[in-house]
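[1] Here's a sequence, model it:
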Amino acid sequence: MAAATALRRGSCLCQTVKFSLTGPPARHIQCNCLNCQKASGSAFLTNILYKRDQYKIESGANSVKIFEDKHTDSGSVLERAFCSNCGSNLSIRNTSNPKMSDNIVVCAGSIDDNYKHFSPQSELFTHRRHAWVPEVKRVKKPDQAKM
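    Okay, here's the model as predicted:
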């Protein structure tokens, strides 16, 4: 039962926005889409999928700004949340896919601890992966391995 109450904390670079996460994440994902590359300023964006009710902004909510990303590889509209003071990526919400409406994608770099046990379980938009970035070996969740 301890996993259900596990608590992680996260923040932006300038520490203005702080948030908490309760319970285990649903998935760890590496996204190689062009928009995530541009948003992260890197080769990909590492994301952690949670339910929206697991994510709570503790302070600095007035500094959170939303960029509505309408031109995505998936065709979905994404709300990309970031700190208006330092520009740190915080989270992403898919607002056009009803299956994703209860989820929030937390940008892994915004989590405060070093997340030693993090490993991407899957990746998206592999056709956009840079040649020097290793392929993510798809990992089945423990309950899927029994099926």
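
[2] pLDDT weak spots in the protein?
    Filtered on pLDDT under 70, the chain yields the residue ranges 1-6, 114-117, 138-147.

[3] For this structure, which segments are assigned as helices?
    Ranges of helices within the chain are 34-40, 142-145, based on DSSP state H.

[4] Verify the contact between residue 14 and residue 82 for me.
    No: taking contacts as CB atoms under 8 Å, residue 14 lies outside contact range of residue 82: 11.6 Å. C-beta: built from backbone N, CA, C; applies to glycine.

[5] Identify the contacts common to those two.
    When contacts are counted by CB atoms under 8 Å, 6 or more residues apart in numbering, residue 14 and residue 82 have residue 88 as shared neighbours.

[6] Looking at the two, which has the bigger crowd around it?
    A direct count of neighbours by other CB atoms under 10 Å for residue 14 and residue 82 places residue 82 higher, at 22 against 13.

[7] Quick check: the more buried one vs residue 34, distance?
    Here the distance between residue 82 and residue 34 works out to 18 Å (CB to CB, to the nearest Å).

[8] Check residue 7 too.
    Going from residue 7 to residue 34 by CB to CB gives 34 Å.

[9] Same drill for these two, tell me which one is more crowded.
    Each of residue 7 and residue 34 had its neighbours counted (other CB under 10 Å), and the higher figure belongs to residue 34 (12 against 9).

[10] Could you double-check that that one lies in contact with residue 71?
    No: contact between residue 34 and residue 71 fails when scored by CB under 8 Å: they sit 9.3 Å apart.
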